[in-house]
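K.L.:
I need the structure of the sequence given here:
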Amino acid sequence: MSRPRAAIVATGSELVRGERADRNGPYLAGELVRHGLDPARIEIVGDGVDDLEGAFRRAFESDLVLVSGGLGPTHDDRTVELVARVAGRELVVDEALEEKIGGVSRRIADRLGRPYSEFTGGVRKQATRPDGSISLGLAGTAPGLVLDLADTVVVVLPGPPRELQRLWPRALETEAVRRVLARAPDREHRILRFFGTPESAVAEALARAGGEGGGVDVTICAREFEIHVDLYAEASATDRGQALATSLRASLGRYLFSEDERPIGEIVLDLCRQRGLSLATAESCTGGLVASRLTAIPGSSEVYVGSVVAYADPVKQKSLGVPADLIQTHGAVSPEVAAAMATGARERLGVDVAVAVTGVAGPGGGSPEKPVGLVFAHAVGPEGEDAVRTELPGDREMIRGRATAASLHLVRRLLENRHSHA
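P.N.:
Sure, this is the predicted structure:
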């Protein structure tokens, strides 16, 4: 059985101009992979008629097409019109849908103190859909739609990520989408996550194990110094997938930190929770990014207490108790100051475990002795402490993101009683 082909089209001139990053394409791609499909393409296209029509015609060569955006009430919201044109379908007004959208729009008009007459044209536009399509209901004022063209199934979803993610499960429940997904052969997905080893070393280990092929597809992706390996084995090749995973564990086991999709922040919180430990952070160059990673995880308040963002030296001294002479002698970017920051956070915030990070994020401020990218992190807990010194490549954003990851992995190693090697 051949695996169905899928395509994703993310619409919006603001995406093409770089004013906003596309979040829908990666989300939908991940969902497709989870359901056994590999997206052939993700295309980001502006709101021009010719550009949209061309993107839809290319996408319609696939078995399943997912489109996001362009469902609003304004003149440049053209997705429904052009999907209908490419599909060869007439446009019809769904009166029941018009009533539902009208109800939402009336409430908006009342809240804004505007006459509803200003909304009626947009309501009718949003209630217009290709003949034969079905509505997925509303998440906001834009309806999701599914259009079954026999050889191609088209799912049209709103552009705002939260609205799209609310309606996507409804698309999965439709007969048309289920029919496409049922054609995807079963396959086994194995996950290995490494930290502290380069992507090239993982690629070499994979090659020594025999590499992909023979019913096994392998992706290797570097993300902030983490190396994510995903092995997809067809039903006839599960033994080979298992053998590849076993070989990678044997070669790179000291760097393996996870075999699931939990982010490092969640792993750190789970380790603390399992041992009944509380956690705090002290940050300089990362400016609160470590805290942000932790607090993005639901339930983090069970473990995580808070952070001191001590960017300026006087704040390090006053809020964390770092001695002024320590900073004067060693500099704010030093292993000694990182250790003092961690100890100060642990004591002053009254927690079991604390991690601190200080560094030179750039683009200026570096020196031959302390170049841009130099970062020191220090973690302290009830059973000891650990530290890491690293020189991170990249621009300011990349250095700060990688320093955040390095700090969290340092805590993980401390809690796992594994000596740092990054």
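K.L.:
residues touching Val351, list them.
P.N.:
Leu277, Ser278, Leu279, Ala280, Val305, Ala345 (C-beta atoms under 8 Å, 6 or more residues apart in numbering). Every C-beta, even on glycine, is put in place using the N, C-alpha and C of the backbone.
K.L.:
From Gly196, how far out is it?
P.N.:
With distances taken as C-beta to C-beta, to the nearest Å, Val351 is found 26 Å from Gly196.
K.L.:
Buried residues in the longest helix along the chain, which are they?
P.N.:
Scanning the chain for the longest helix, with DSSP state H as the assignment, gives helix 396-415. The neighbour-count check on helix 396-415 (16 or more other C-beta atoms under 10 Å) flags 398-415 as buried.
K.L.:
same for it, what does it pack against?
P.N.:
Packed against helix 396-415 by the contact rule (3 or more C-beta pairs under 8 Å, 6 or more residues apart in numbering; DSSP states H and E) you find helix 264-275, helix 289-295, strand 353-359, strand 374-381, strand 384-391.
K.L.:
most packed of the ones you listed?
P.N.:
strand 353-359 (a mean of 30; mean count of other C-beta atoms under 10 Å).
K.L.:
what's the angle from it to strand 374-381?
P.N.:
Counting by axes from the mean of the first three to the mean of the last three C-alpha atoms, to 10 degrees, strand 353-359 lies at 170 degrees to strand 374-381.
K.L.:
now strand 353-359 and strand 384-391, what's the angle there?
P.N.:
With the same axes, to 10 degrees applied, the angle from strand 353-359 to strand 384-391 works out at 20 degrees.
K.L.:
In its sheet, which strands sit next to strand 353-359, and in what direction?
P.N.:
Partners of strand 353-359 in the sheet, by DSSP bridges, are strand 279-283 (parallel), strand 374-381 (antiparallel).
K.L.:
Double-check Asp217 against Ala237; I have them as touching.
P.N.:
No - using C-beta atoms under 8 Å, Asp217 is not in contact with Ala237; the gap is 9.6 Å.
K.L.:
Looking at these two, which is more packed in?
P.N.:
Each of Asp217 and Ala237 has its neighbours counted (other C-beta atoms under 10 Å); Ala237 has more, 20 against 15.
K.L.:
And the pLDDT for that one?
P.N.:
You'll see Ala237 listed with a pLDDT of 95.
K.L.:
Leaving out sequence neighbours, find the closest residue to it.
P.N.:
Closest residue in space to Ala237, ignoring its immediate chain neighbours: Gly215 at 2.8 Å, by C-beta to C-beta, 6 or more residues apart in numbering.
K.L.:
need the contact list for the one you found.
P.N.:
The contact partners of Gly215, taken as C-beta under 8 Å, 6+ apart, are Ala233, Glu234, Ser236, Ala237, Arg240.
K.L.:
Could you write me a PyMOL select line covering just the buried ones among those residues?
P.N.:
The PyMOL command for the buried members of the contacts of Gly215 (criterion: 16+ other C-beta under 10 Å) is given here:
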select buried, resi 233+234+237+240
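K.L.:
Closest one to Ala184 out of the contacts of Gly215, please.
P.N.:
Glu234 (10.8 Å; C-beta to C-beta).
K.L.:
ok, that closest one touching Glu212?
P.N.:
No - counting by C-beta under 8 Å, Glu234 sits too far from Glu212 to count as a contact (11.6 Å).
K.L.:
which SS state does Val308 fall under?
P.N.:
Per DSSP: H, G, I helix; E, B strand; the rest coil, the local secondary structure of Val308 is strand.
K.L.:
Touching stretch 314-324 from outside, list them.
P.N.:
Stretch 314-324 is contacted by residues 282, 284, 308-310, 313, 327, 332, 337, 340-341, 343-345, 347-348, 356 when judged by C-beta under 8 Å, 6+ apart.
K.L.:
Try it again at 7 Å.
P.N.:
For stretch 314-324, contacts defined as C-beta atoms under 7 Å, 6 or more residues apart in numbering pick out Ala282, Val308, Ala310, Ile327, Ala332, Val337, Ala340, Met341, Gly344, Ala345, Arg348.
K.L.:
Just the buried residues of these.
P.N.:
Ala282, Val308, Ala310, Ile327, Ala332, Val337, Ala340, Met341, Gly344, Ala345.
K.L.:
give me the element Ala29 is part of.
P.N.:
Element membership of Ala29, judged by DSSP states H and E, is helix 24-34.
K.L.:
what about dumping the CA coordinates of that helix to CSV?
P.N.:
C-alpha atoms of helix 24-34 as CSV (Å, rounded to 0.1, in the frame of the first residue of the first chain):
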residue,chain,number,x,y,z
ASN,A,24,0.7,26.5,11.5
GLY,A,25,2.9,24.7,8.9
PRO,A,26,5.1,23.0,11.6
TYR,A,27,2.1,22.1,13.7
LEU,A,28,0.2,20.6,10.9
ALA,A,29,3.3,18.7,9.6
GLY,A,30,3.8,17.2,13.1
GLU,A,31,0.1,16.1,13.1
LEU,A,32,0.4,14.5,9.7
VAL,A,33,3.5,12.6,10.8
ARG,A,34,1.7,11.5,13.9
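K.L.:
Compute the inter-axis angle for the helix or strand following it and helix 24-34.
P.N.:
Using DSSP H and E, the helix or strand that directly follows helix 24-34 along the chain is strand 38-45. Per the same axes, to 10 degrees, the angle that strand 38-45 makes with helix 24-34 is 170 degrees.
K.L.:
Pull up the pairing partners for strand 38-45, direction included.
P.N.:
Counting by DSSP bridges, the strands paired with strand 38-45 are strand 5-11 (parallel).
K.L.:
contacts for the strand it pairs with?
P.N.:
For strand 5-11, contacts defined as C-beta under 7 Å, 6+ apart pick out 22, 24-25, 28-29, 32, 37, 39-45, 47, 52, 55-56, 59, 62-70, 79.
K.L.:
List only those of these flagged as buried.
P.N.:
Among the contacts of strand 5-11, the ones that count as buried by 16+ other C-beta under 10 Å are 22, 24-25, 28-29, 32, 37, 39-45, 47, 52, 55-56, 59, 62-70, 79.
K.L.:
still on that earlier bit, what does the helix holding Ala29 rub up against?
P.N.:
The contact list for helix 24-34, computed with C-beta under 7 Å, 6+ apart, reads 6, 8, 10, 39, 42, 44, 66, 68, 159, 161, 164-165, 168.
K.L.:
now stretch 288-308
P.N.:
265-266, 269, 272-273, 278-283, 309, 319-320, 345, 349, 351, 355, 357, 400, 404, 407-408.
K.L.:
For the nearest residue to Tyr116 once chain neighbours are set aside, which residues are in contact?
P.N.:
Of all residues not flanking Tyr116 in the chain, Ala109 sits nearest, at 4.6 Å (C-beta to C-beta, 6+ apart). Taking C-beta under 7 Å, 6+ apart as the criterion, Ala109 is in contact with Pro115, Tyr116, Phe119.
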